[in-house]
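J.: got a predicted model here, sequence first, then my questions.
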Amino acid sequence: MEKKFFSQWYIDQTAPDQFHCFGIKRVLVDYQSPFQRIQIIEVESLGKCLIIDGRIQSAEKDEFIYHEALVHPPLLLHPHPRKVLVLGVGEGATIRELAKYDHLKITGVDIDAEMIDFSRKYLQEWHRGAFNHPHLQLVLQDGWDFIQQTEEVFDVIIMDLPEPYPETPAYRLYTSEFYQVALEKLTPDGLLVTQGETTRPGQEEHHFFIRNNLAAVFRHTYSYQTYIPSYDSSWGFLLAVKNNLNPLLPAEVIDSLIVERIRGSLRFYDGQTHLSMFYLPRQLREPNQG
């Protein structure tokens, strides 16, 4: 194998005693918005990578794993989704996946107008024109304020937000106080899904923090996970259900729903993948064991 030498490295500190390094081919963009520092670098293995405030958010060659895992389980498990709220529009890839469903009304909320403009200009590989979807309404507002003020109710709420670190704008959108208001903005069969942080053994505390806050409000809460190469980690998601739901549908049922509801192709998600994400190891099902 040919050796390659890089003069610059991106170092992603994944834990106090661990980091993940990428050799940087090029720095494409380095920009400071009113809310966050936004960078795009190019690396050999993953193509273009979106970095926000020093943390990798998404990579060109594996973002489809994250976004298909976030969007399609709740959209297929809900009996008849019609109205979807997205908190954290970001790169536009969540909207791209929602655009594969007919007859959806999509409300996308983001605090950072400059992030949206940035994505339109530099992240075409992610959004693929989804910002121009005819049934998308973009709202430039803090998600906390929006959920408090809106009089609309939604079938599905999708939360694609930064990590829940204290002293950040996103932190209070992971609290039980926020989830209580979100519950009231869901239809009777409504679902909420959120990114759920790393499920790497020994580092699941943020995942459990989110799950406990959801479980304090919602009748049923389900963890699921998959491996994201650019995060160098198994990554958690959390599905919260207002009523009753069985996420462990047979693979053939999920595959049938994909054919029935989704236009266009999926690269990651299908019936087998769905079950593989929801069948969890014991330490995630029973975090207080041993």
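T.: That came through, no problem.
J.: domain parsing of the chain, as residue ranges.
T.: 9-59, 63-285 (automatic domain parsing).
J.: can you lay out those as TSV showing mean neighbour count?
T.: In this view, the C-beta of every residue, glycine as well, is placed from N, C-alpha and C. Shown next, in TSV, are these (neighbours: other C-beta atoms under 10 Å):
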stretch	mean neighbour count
domain 9-59	16
domain 63-285	18
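J.: which of those domains has the lowest average pLDDT?
T.: Across the domains of the chain, domain 9-59 has the smallest mean pLDDT, namely a mean of 89.
J.: how about the helices in the stretch 1-150 of the chain?
T.: 63-77, 93-98, 113-122, 124-127, 143-149 (DSSP state H, counting those that start in this stretch).
J.: for Met159, find the nearest of these.
T.: Nearest to Met159, of all these, is helix 143-149, at 7.8 Å by C-beta to C-beta.
J.: how far off centre is that closest one?
T.: 19 Å (C-alpha atoms, centre = their mean, to the nearest Å).
J.: okay, the angle between whatever helix or strand comes next after it and helix 63-77?
T.: Using DSSP states H and E, the helix or strand that follows helix 143-149 in sequence is strand 154-159. Angle of strand 154-159 versus helix 63-77, following axes from the mean of the first three to the mean of the last three C-alpha atoms, to 10 degrees, is 160 degrees.
J.: quick one: contacts of strand 154-159?
T.: 70-71, 74-75, 78, 80-88, 94, 98, 107, 143, 173, 182, 185-187, 189-195 (C-beta atoms under 8 Å, 6 or more residues apart in numbering).
J.: so who does the nearest residue to Pro229 once chain neighbours are set aside touch?
T.: In this structure, Pro229 finds its nearest non-sequential neighbour in Asp62, 4.9 Å apart by C-beta to C-beta, 6 or more residues apart in numbering. Going by C-beta under 8 Å, 6+ apart, Asp62 touches Leu46, Ile228, Pro229, Ser230.
J.: repeat for Thr226
T.: Ile65, Ala69, Ser234, Trp235, Phe268, Thr273, Ser276, Met277.
J.: and for Pro73?
T.: With the criterion set at C-beta under 8 Å, 6+ apart, Pro73 makes contact with Val193, Tyr224, Phe237, Leu239, Pro247, Tyr269, His274, Met277.
J.: Gln195: what's it in contact with?
T.: Applying C-beta under 8 Å, 6+ apart, the residues near Gln195 are Tyr66, Leu70, Met159, Asp160, Leu161, Trp235, Gly236, Phe237.
J.: tell me the spacing between the third one and Asp110.
T.: Per C-beta to C-beta, to the nearest Å, Met159 is found 12 Å from Asp110.
J.: which residues are common contacts for those two?
T.: Contacts common to Met159 and Asp110, judged by C-beta under 8 Å, 6+ apart, are Gly88.
J.: hmm, back to that, how about the helices of the stretch 1-150 of the chain, which one is nearest Val253?
T.: Closest among the helices of the stretch 1-150 of the chain, using C-beta to C-beta: helix 63-77, at 9.1 Å.
J.: and the closest one, how far from the chain's centre?
T.: 8 Å.
J.: same thing with stretch 170-178?
T.: 16 Å.
J.: residue closest to the middle of this protein?
T.: A centroid search over the chain (C-alpha atoms, centre = their mean) returns Asp160, at 3.9 Å, as the residue closest to the centre.
J.: which parts of this structure are strands?
T.: Counting by DSSP state E, the chain has strands at residues 9-15, 18-32, 37-43, 47-52, 55-59, 83-87, 105-110, 136-140, 154-159, 186-198, 220-228, 233-241.
J.: pipe those into CSV and attach distance to Glu252 per row.
T.: Shown next, in CSV, are the strands of the chain (distance: least, C-beta to C-beta, whole Å):
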stretch, distance to Glu252
strand 9-15, 37
strand 18-32, 37
strand 37-43, 38
strand 47-52, 34
strand 55-59, 31
strand 83-87, 26
strand 105-110, 29
strand 136-140, 32
strand 154-159, 23
strand 186-198, 22
strand 220-228, 19
strand 233-241, 21
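J.: of all these, which one is nearest Leu123?
T.: strand 47-52 (6.8 Å).
J.: other residues contacting that closest one?
T.: With contact meaning C-beta under 8 Å, 6+ apart, strand 47-52 is reached by 10, 22, 28, 36-43, 56-61, 91, 123, 125-126, 162, 230.
J.: hmm, back to that, check what pLDDT the residue nearest to Pro229 gets.
T.: pLDDT, Asp62: 97.
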